[in-house]
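I would like the atomic coordinates for the input below:
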Amino acid sequence: MIQVDLSGAQRFFTQAGPDFAAVARAHDVLTSGSGLGADFTGWLHLPQKIKETELDRILAAADTIRSRSKALVVIGIGGSYLGARGAIELLRPVLGRGDPEIFFVGNGLSADALSDTIEKLGGRDFDVNVISKSGTTLEPAIAFRIFRELLDKKYGADAGKHIFATTDAHRGVLKSLADANGWESFVVPDDVGGRFSVFSAVGLLPMAVAGIDVRRVITAAIREFEALDMRSPENPAWQYAAARQNLYSKGYTVEILGCYEPSFRFMAEWWKQLYGESEGKDNKGILPASVEFTADLHSMGQYIQQGPRNLMESIVRFTHSRHAYPVPASDDNADGLDYIAGRDLAEICNVAAEAVREAHIDGGVPNIVINCSARDEEGLAELIGFFELACALSGYMSGVNPFDQPGVEAYKKNMFRMLGKPGAV
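Numbers count the residues shown, from 1 in each chain. Just a heads-up that it's a prediction; the model follows:
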């Protein structure tokens, strides 16, 4: 299970400290289904449910794709792709020999980016996984039109065999298209919002195609959610939620999530959507931002160290490194590094992390450390379950509905009106 270290935030808390009574109430509200957005709390039991329903079909579809294609094109936006991309880049930054390459499209409107992806795809055999609850969200809908045309040109009458739809179980344009054309389809659960859907086919099918052992992920996720049901201040999700809400009450309105693994970048992007979309409403919410250490210490480090003191910092650290890489000795020691010759790079990175933590705390930035056992399937499941539960608890503590996102419709109304969509006002 995740371990949270609050010692670097202790001096910044209010005199009363984190409010564990409030987080206990939030946990009761969440699990009893009595809170705002209770219809969208199915993610709490999603790993067990998916194991009992779609997991075998997901694995079979992944095997089919891996056996015949050199690439999978995943079409989706927001929660329909960020979790899968984060997981794949965290665990499979270098694909093994024979693993299909995973391309993500439909998450923007750049003609250049889409054209570049198609050029990279080249003449390879490929399949498409289109992910959309409705099938009408503009960005993925446009991308799907384009890739359906490419599939038709490449495979003719067999094009439909290369389409896998992840969508609503009963309704919507994409569901109707899948039924009418005989595409294999998987379910976006009715009671799970996109940003909480990583443990459904939304995340699991692309992950499995990339070579991640998703059965191992789901087994670990079931275990993690059981462990996180602990009703105690020892619960790491309680600690994180209560700490960040306490710091928010003192004016720390921006949270920077950092990690010393570059492959964590898109996990941070998923985290930003999870927390930003869940908490940023009713003129409330901590702004989620992210950095990649140590690289960003040479760009954002100055701002973190001496900029406005409204920042809190949460750092994900993996206890075990996959590889050992000792610093070699040098005959001339021209760079002056012989004092660390023979020391492992992971050890040096840990020292750097401790040095940064100390400097930032001394500079007035509260620091929370989130310790994860390893960068593997179990670690991934632990992180996702931990962040999801803590997000829901934190949202309820701040008095908002953590499971809706009414504000995202504003720009869409303007866009559809400007594009001349029939009926748009």
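
domain parsing for this protein?
According to automatic domain parsing, the chain comprises the domains 3-36+231-406, 40-219.

distance between the ends of the first one?
By that I understand domain 3-36+231-406. Domain 3-36+231-406 has its terminal residues 34 Å apart, counting by CA to CA, to the nearest Å.

what's the average pLDDT for that domain?
For domain 3-36+231-406, the mean per-residue pLDDT is 97.

just the domains of the chain: most buried one?
Of all the domains of the chain, domain 40-219 has the most neighbours on average by mean count of other CB atoms under 10 Å, namely a mean of 19. The C-beta positions use only the backbone N, C-alpha and C, and glycine is treated the same way.

would TSV of the domains of the chain with distance to Gly423 be doable?
Formatted as TSV, these follow (distance: least, CB to CB, whole Å):
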stretch	distance to Gly423
domain 3-36+231-406	20
domain 40-219	13
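
Relative to Arg417, which of those is closest?
With CB to CB as the criterion, Arg417 lies closest to domain 40-219 of those, at 13.0 Å.

From the chain's centroid, how far away is the closest one?
How far domain 40-219 lies from its chain's middle: 15 Å, per CA atoms, centre = their mean, to the nearest Å.

biggest strand in the protein, by residue count?
Ranked by number of residues, the top strand in the chain under DSSP state E is strand 311-320.

Note down every partner strand of it and its orientation.
strand 254-259 (parallel), strand 367-374 (parallel) (DSSP bridges).

Out of the domains of the chain, which gets nearest to Met418?
Closest to Met418 of these, according to CB to CB: domain 40-219, at 12.0 Å.

Please, which helix or strand holds the closest residue to Leu150 other than its chain neighbours?
In this structure, Leu150 finds its nearest non-sequential neighbour in Ile118, 7.2 Å apart by CB to CB, 6 or more residues apart in numbering. Using DSSP states H and E, Ile118 sits within helix 111-121.

Starting from that helix, tell me the next helix or strand along the chain.
Using DSSP H and E, the helix or strand that follows helix 111-121 in sequence is strand 126-131.

can you list contacts of that following strand?
Identification of contacts with strand 126-131 by CB atoms under 8 Å, 6 or more residues apart in numbering yields 65, 68-76, 80-81, 100, 106, 140, 144, 147-148, 151, 162-167, 174, 188, 202, 205-206, 209.

So which of these sit within helices?
Ile65, Arg68, Pro140, Phe144, Phe147, Arg148, Leu151, Leu174, Val202, Leu205, Pro206, Val209 (DSSP state H).

got a markdown table for those residues, with pLDDT and distance to Arg417 too?
Below are those laid out as a markdown table (pLDDT from 0 to 100; distance: CB to CB, whole Å):
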| residue | pLDDT | distance to Arg417 |
| --- | --- | --- |
| Ile65 | 98 | 39 |
| Arg68 | 97 | 44 |
| Pro140 | 97 | 21 |
| Phe144 | 98 | 23 |
| Phe147 | 98 | 28 |
| Arg148 | 98 | 27 |
| Leu151 | 98 | 32 |
| Leu174 | 97 | 24 |
| Val202 | 98 | 30 |
| Leu205 | 98 | 35 |
| Pro206 | 98 | 34 |
| Val209 | 97 | 38 |
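
Same list, these, but as a markdown table with distance to Thr253 please.
As requested, the ones in helices among the contacts of strand 126-131 are exported to a markdown table (distance: CB to CB, whole Å):
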| residue | distance to Thr253 |
| --- | --- |
| Ile65 | 44 |
| Arg68 | 50 |
| Pro140 | 32 |
| Phe144 | 38 |
| Phe147 | 41 |
| Arg148 | 44 |
| Leu151 | 47 |
| Leu174 | 38 |
| Val202 | 31 |
| Leu205 | 37 |
| Pro206 | 34 |
| Val209 | 40 |
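
If you count contacts, what does the one helix or strand Ala243 maps to end up packed against?
Element membership for Ala243, per DSSP H and E: helix 236-249. The contact analysis (3 or more CB pairs under 8 Å, 6 or more residues apart in numbering; DSSP states H and E) places helix 236-249 against strand 3-5, helix 20-32, strand 311-320, strand 367-374, helix 377-398.

Try it again at 10 Å.
Using 3 or more CB pairs under 10 Å, 6 or more residues apart in numbering; DSSP states H and E, the elements in contact with helix 236-249 are strand 3-5, helix 20-32, helix 214-227, strand 254-259, helix 265-279, strand 311-320, strand 367-374, helix 377-398.

got JSON lines for these, with distance to Phe40 too?
What follows is the helices and strands packed on helix 236-249, written out as JSON lines (distance: least, CB to CB, whole Å):
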{"stretch": "strand 3-5", "distance to Phe40": "26"}
{"stretch": "helix 20-32", "distance to Phe40": "11"}
{"stretch": "helix 214-227", "distance to Phe40": "16"}
{"stretch": "strand 254-259", "distance to Phe40": "23"}
{"stretch": "helix 265-279", "distance to Phe40": "10"}
{"stretch": "strand 311-320", "distance to Phe40": "25"}
{"stretch": "strand 367-374", "distance to Phe40": "25"}
{"stretch": "helix 377-398", "distance to Phe40": "10"}
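
nearest to Val192, of the ones you listed?
helix 377-398 (10.3 Å).

what is the mean pLDDT for the helix or strand following that closest one?
Scanning forward in sequence from helix 377-398 by DSSP H and E, the next helix or strand is helix 409-419. When pLDDT is averaged over helix 409-419, the result is 88.

Pull the residues that contact helix 409-419.
Helix 409-419 has contacts (CB atoms under 10 Å, 6 or more residues apart in numbering) with Leu109, Thr137, Leu138, Lys421, Pro422, Gly423, Ala424, Val425.

if we go to 7 Å?
For helix 409-419, the surrounding residues in contact (CB atoms under 7 Å, 6 or more residues apart in numbering) are Ala424, Val425.
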